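K.L.:
When you get a sec, could you give me coordinates for this:
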Amino acid sequence: MSIFYKTKKHREILIKTLKNIKRVYPQYKNEVDLYYLPAIYLLTSDEEIRKKSLHYISDEGIDFQKIKSNDFSSGYVILVQLAHHLFDSANESPEIMELISRLDKDNFELALQAIRLRRSSKYLEEL
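P.N.:
Numbering: from 1, shown residues only. Okay, the predicted model is just below:
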């Protein structure tokens, strides 16, 4: 399965962030944390969302409340909400029609890809 990335930098920052927060597990053949992967995939997807999110991602967790306190355009609000829900399903999920009608083509593809990433385990070499 080929993974959709907005840019080459998106992939590079995703992998770097996962390694920095110790969510790649060498003892399990470099398996990537199933909960962090889709959330960080969305939160590193482009410059605007990265600038407002990376400060709140650490090896102790993701502070979604602080991320959500930023001023985002409506499409990014949906992506942050989806990232939070995929990370912890107890949190509110965006409505499917919001994904369809409010996301542009690339961000809609990001949303679909994040859902696919959450579905099953991935290894670093698959990213």
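
K.L.:
Going by C-alpha atoms from here, please, whenever you check contacts or count neighbours.
P.N.:
Fine.

K.L.:
Any idea which helix or strand in this protein has the lowest mean pLDDT?
P.N.:
Taking mean pLDDT, DSSP states H and E as the measure, helix 96-102 is the helix or strand of the chain with the lowest mean score, a mean of 93.

K.L.:
Can you tell me which helices and strands that helix packs against?
P.N.:
Helices and strands touching helix 96-102, by 3 or more Cα pairs under 8 Å, 6 or more residues apart in numbering; DSSP states H and E, are helix 74-87, helix 105-119.

K.L.:
Please identify the deepest-packed of the ones you listed.
P.N.:
helix 74-87 (a mean of 21; mean count of other Cα atoms under 10 Å).

K.L.:
and R11, what element?
P.N.:
If you go by DSSP states H and E, R11 is part of helix 8-20.

K.L.:
How about F4?
P.N.:
Counting by DSSP H and E, F4 is part of no helix or strand.

K.L.:
before we move on, the earlier item: which one of the helices and strands packed on helix 96-102 lies nearest to I49?
P.N.:
helix 74-87 (7.1 Å; Cα to Cα).

K.L.:
Report the buried residues of the helix holding R11.
P.N.:
H10, R11, I13, L14, I15, T17, L18, K19 (16 or more other Cα atoms under 10 Å).

K.L.:
Format those as JSON lines; extra columns: distance to H84 and pLDDT.
P.N.:
Listed next are the buried residues of helix 8-20 as JSON lines, based on distance: Cα to Cα, whole Å; pLDDT from 0 to 100:
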{"residue": "H10", "distance to H84": "19", "pLDDT": "98"}
{"residue": "R11", "distance to H84": "20", "pLDDT": "97"}
{"residue": "I13", "distance to H84": "19", "pLDDT": "98"}
{"residue": "L14", "distance to H84": "16", "pLDDT": "98"}
{"residue": "I15", "distance to H84": "19", "pLDDT": "98"}
{"residue": "T17", "distance to H84": "17", "pLDDT": "98"}
{"residue": "L18", "distance to H84": "16", "pLDDT": "98"}
{"residue": "K19", "distance to H84": "20", "pLDDT": "98"}
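
K.L.:
farthest-separated two in these?
P.N.:
Maximum distance among those (Cα to Cα): 14.3 Å, for H10 and K19.
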